[in-house]
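Asks: coords please:
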Amino acid sequence: MIELKSSREIQIIKESGKILQEVFKTLRPMIREKVTGIELDQAAEKVIRESGAQPSFKGYRGYPASICVSLNEEVVHGIPGTQPLFNGDIVSIDVGVKWNGFHTDAARTWAVGAVDDRRKKLIATAKDSFDVALSKIKVGWRIGDLSEAIQKYVESQGFQVVRDYAGHGIGRELHEDPQVPNYGKAGRGAKIEPGLVIAIEPMVTEGSYAVETLSNGWTVVTKDRKCASHYENTVAFTEGGFINITKDEATE
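Replies: Prediction:
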């Protein structure tokens, strides 16, 4: 069941989003050679806890860290480890914050040093598909309209969207109804209406959209081991339009 949020609840979610933005502002300058996932995770958790919030991911279904750090062919749910970043890598950072009982969720993919043009385009396409879909939203849209817009844009750029994982509703729980796929057909799915709060998260692959989970039970990788990019924001819909709660130009 979809739980629409009140204006007061959306305000609390916005406050959670500001903490999440601070995490990205801390992590963005750290993305360089030799930095490890564990170092990124520790820095993120410090910001979250010093803000009086909790990391949404830590302990969620047994997840062992505060953020997800996914390198190159890793699509989502990469566990931070001791492997250092190298020049030419791309790294996706997924963060969840719980503040006063409400969650926000967002992800960015960043280049480590100099990357080739194909990887630059991959990163840009994930973000741009999100922006393009939101820019087209109009009265009467359903989740399927959003999904179709993301898919069409990504495929027009020569990439694919992951089918096995999707965006989601968010609020008192990290994952709520409705599901927000990155592919689909217009006119289907839940209504986009005031009070709806969702995490929209295109997951874009350089090659095939087929994925598999590694033996650690968490890390999702592309089957062809080509690169993937993940971009996500928490978005609230109100009578006045939408609010991109976790957007921050400084870390995009």
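Asks: Show me which positions of the helix or strand where Ser147 lies end up buried.
Replies: With secondary structure defined by DSSP states H and E, Ser147 is part of helix 143-156. By neighbour count on 16 or more other CB atoms under 10 Å, the buried set for helix 143-156 is 143-151, 153-154. Bear in mind the C-beta positions are built from the backbone N, C-alpha and C, glycine included.
Asks: Please compute how far the helix or strand just after that helix lies from its chain's middle.
Replies: Note on helix 143-156: by DSSP H and E, the next helix or strand toward the C-terminus is strand 160-161. Here strand 160-161 shows a centroid-to-chain-centroid distance of 15 Å under the convention CA atoms, centre = their mean, to the nearest Å.
Asks: same check, this time on stretch 57-71
Replies: For stretch 57-71 - counting by CA atoms, centre = their mean - the centre lies 13 Å from the chain centre.
Asks: before we move on, the earlier item: using CSV, list the CA coordinates for the helix holding Ser147.
Replies: Provided in CSV are the C-alpha atoms of helix 143-156 (Å, rounded to 0.1, in the frame of the first residue of the first chain):
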residue,chain,number,x,y,z
ILE,A,143,5.0,5.5,-12.6
GLY,A,144,5.0,3.8,-16.0
ASP,A,145,5.4,7.2,-17.7
LEU,A,146,8.4,8.0,-15.7
SER,A,147,9.9,4.5,-16.3
GLU,A,148,9.3,4.7,-20.0
ALA,A,149,11.0,8.2,-20.2
ILE,A,150,14.1,6.9,-18.4
GLN,A,151,14.3,3.8,-20.6
LYS,A,152,13.9,5.7,-23.9
TYR,A,153,16.5,8.2,-23.1
VAL,A,154,19.1,5.6,-21.9
GLU,A,155,18.6,3.5,-25.0
SER,A,156,18.8,6.5,-27.3
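Asks: neighbouring contacts of it?
Replies: With contacts defined as CB atoms under 8 Å, 6 or more residues apart in numbering, helix 143-156 is touched by 125-126, 128-130, 132-133, 136-137, 160-161, 178-190, 192, 198, 200, 202, 204.
Asks: again, 7 Å this time
Replies: 125, 128-129, 132-133, 136, 160-161, 178, 180-190, 192, 200, 202, 204 (CB atoms under 7 Å, 6 or more residues apart in numbering).
Asks: Next step: the residues you listed restricted to helices.
Replies: Judged by DSSP state H, the contacts of helix 143-156 include 125, 128-129, 132-133, 136 as members of helices.
Asks: Verify the stated contact: Trp141 with Ala190.
Replies: No - using CB atoms under 7 Å, Trp141 is not in contact with Ala190, being 10.3 Å away.
Asks: More neighbours: which of these two?
Replies: Using other CB atoms under 10 Å, the more surrounded residue of Trp141 and Ala190 is Trp141, with 19 against 16.
Asks: who's in contact with that one?
Replies: Per CB under 7 Å, 6+ apart, neighbours of Trp141: Ile192.
Asks: Give me the pLDDT value at it.
Replies: Looking at Trp141, its pLDDT reads 96.
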